[in-house]
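>>> Here is a sequence together with a model predicted from it:
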Amino acid sequence: MTSVRDLLRAGPDGSPLLPRIDPAGHPGIGTKRDAVRALEAAAERLADLQERLYAQHARSVLLVLQGMDTSGKGGTIKHVFRGVNPAGVSVAAFKQPTEDELAHHFLWRIERRLPTRGHIAIFDRSHYEDVVVVRVHELVPQAVWRGRYDEIVEWERAVSESGTAIVKCYLHLSYEEQRERLLARLGDPDKHWKFNETDLQERLRWPEYQAAYEDAIARCHTDEAPWYIVPADRKWYRNWAVERLVMETLEEMDPRFPRPPLDVPALTASLASPTSLAPPTRLAQRG
């Protein structure tokens, strides 16, 4: 199978990326049926790799998911990681910063949710909100958000060098598909809680958001922390592609189960002894 990391990796030249990529495309796999089968077949392999990462306790993985509203960050997490041990996975959803968070450097709240050794951390939105949303809404001066690109690159390099593999995915959704998904939410009373009227105002800023993401991807795409552009109009492809990106990253890391120096024959003989079948006796408690 062709490496999905090679297929979806952002280009190195900094030229406009998103207009050249079809949000409804499905590079690397043929049909929805193929993708669903592949996703199901790979679930056991992903769970095994995650268990090995957890057991080895040497490195970690950070998956960053960015995209416009309705691009499917939550749905991706639900489908890709449904079979892994939750003890080794954490999810952080970065919403609008609190007053306490705003009182610190913009990377402060991000740093606190980085994965520890042996773990996979998933960011539903991330530090890139501080060069995208703040730019579109003019929440900070241009000089501030422009200066953050270099800060992010250096910070991600340090995170990578500390032993964390970084996988950054931009879920590339079309303007038309977002409209269909918003209409679907309005048509289902059980999904009304997901609908925010401000989403309609954000749609008016679509060109500004696309420009902001273009710059963030071009300026912060490095060998240590590459960006992958994942076509997201087809949910089945989005889920398959992100699963493959995580799988390929873990396979390259090649985590191994530890081999502690156990005297297996002696321990096995001890457990096989008839005395090991009876529970230890306890002295009766005195009144």
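Sure, I can see it.
>>> tally of neighbours for Arg135?
23 (other Cβ atoms under 10 Å). For the C-beta atoms, the positions are set from N, CA and C on the backbone; glycine is no exception.
>>> Can you verify my assumption that it contacts Trp145?
Yes: contact criterion Cβ atoms under 8 Å: Arg135 and Trp145 qualify, at 4.9 Å.
>>> Phi, psi for Ala58 please.
phi -120, psi -40 (degrees, to the nearest 10).
>>> what's near enough to touch it?
Taking Cβ atoms under 8 Å, 6 or more residues apart in numbering, we find Ala58 in contact with Arg117, Gly118, Gly163, Pro255.
>>> Let me know the closest of these to Arg185.
Checking the contacts of Ala58 against Arg185 by Cβ to Cβ gives Gly118 as the nearest, at 37.3 Å.
>>> now the helices for the stretch 151-287 of the chain?
Remark: helices assigned in the stretch 151-287 of the chain by DSSP state H, counting those that start in this stretch are 175-186, 198-203, 206-219, 235-253, 264-272.
>>> mind listing what's buried in the last one?
So the one you mean is helix 264-272. Neighbour counts over helix 264-272 (16 or more other Cβ atoms under 10 Å) mark no residue as buried.
>>> average pLDDT for it?
The average pLDDT for helix 264-272 rounds to 90.
>>> swap in the third one?
Along helix 206-219, the predicted confidence averages to a pLDDT of 96.
>>> Packing partners of that helix?
Using 3 or more Cβ pairs under 8 Å, 6 or more residues apart in numbering; DSSP states H and E, the elements in contact with helix 206-219 are helix 129-136, helix 142-161.
>>> Let's see that with 6 Å instead.
Under the contact criterion of 3 or more Cβ pairs under 6 Å, 6 or more residues apart in numbering; DSSP states H and E, helix 206-219 touches helix 129-136.
>>> Other residues contacting the helix it packs on?
Outside helix 129-136, the residues that touch it by Cβ atoms under 6 Å, 6 or more residues apart in numbering are Phe106, Val140, Trp145, Arg148, Arg205, Glu208, Tyr209, Ala212, Ala216.
>>> CA atoms of it as PDB?
Taking C-alpha atoms only, helix 129-136 is exported to PDB below (Å, rounded to 0.1, in the frame of the first residue of the first chain):
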ATOM      1  CA  GLU A 129      -6.300  28.500  17.100                       C
ATOM      2  CA  ASP A 130      -3.900  31.200  18.300                       C
ATOM      3  CA  VAL A 131      -2.800  31.900  14.700                       C
ATOM      4  CA  VAL A 132      -6.100  31.200  13.000                       C
ATOM      5  CA  VAL A 133      -9.100  32.400  15.100                       C
ATOM      6  CA  VAL A 134      -7.200  35.300  16.600                       C
ATOM      7  CA  ARG A 135      -6.100  36.400  13.200                       C
ATOM      8  CA  VAL A 136      -9.600  36.200  11.600                       C
END
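>>> Just the buried positions in it, please.
Result for helix 129-136 [16+ other Cβ under 10 Å]: buried residues Glu129, Asp130, Val131, Val132, Val133, Val134, Arg135, Val136.
>>> Stretch 72-92 too?
Of the residues in stretch 72-92, those buried (16+ other Cβ under 10 Å) are 72-73, 76-77, 79-81, 83-84, 88-89, 91-92.
>>> Just flag the most distant two among those residues.
Going by Cβ to Cβ, the pair spanning the buried residues of stretch 72-92 furthest: Gly72 and Gly88, at 23.1 Å.
>>> before we move on, back to that, can I get the buried residues of helix 129-136 in JSON lines with distance to Tyr54?
Listed next are these as JSON lines, based on distance: Cβ to Cβ, whole Å:
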{"residue": "Glu129", "distance to Tyr54": "29"}
{"residue": "Asp130", "distance to Tyr54": "31"}
{"residue": "Val131", "distance to Tyr54": "32"}
{"residue": "Val132", "distance to Tyr54": "32"}
{"residue": "Val133", "distance to Tyr54": "33"}
{"residue": "Val134", "distance to Tyr54": "36"}
{"residue": "Arg135", "distance to Tyr54": "37"}
{"residue": "Val136", "distance to Tyr54": "38"}
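>>> Nearest to Ala269 among those?
Of these, the one sitting nearest to Ala269 (Cβ to Cβ) turns out to be Glu129, at 58.7 Å.
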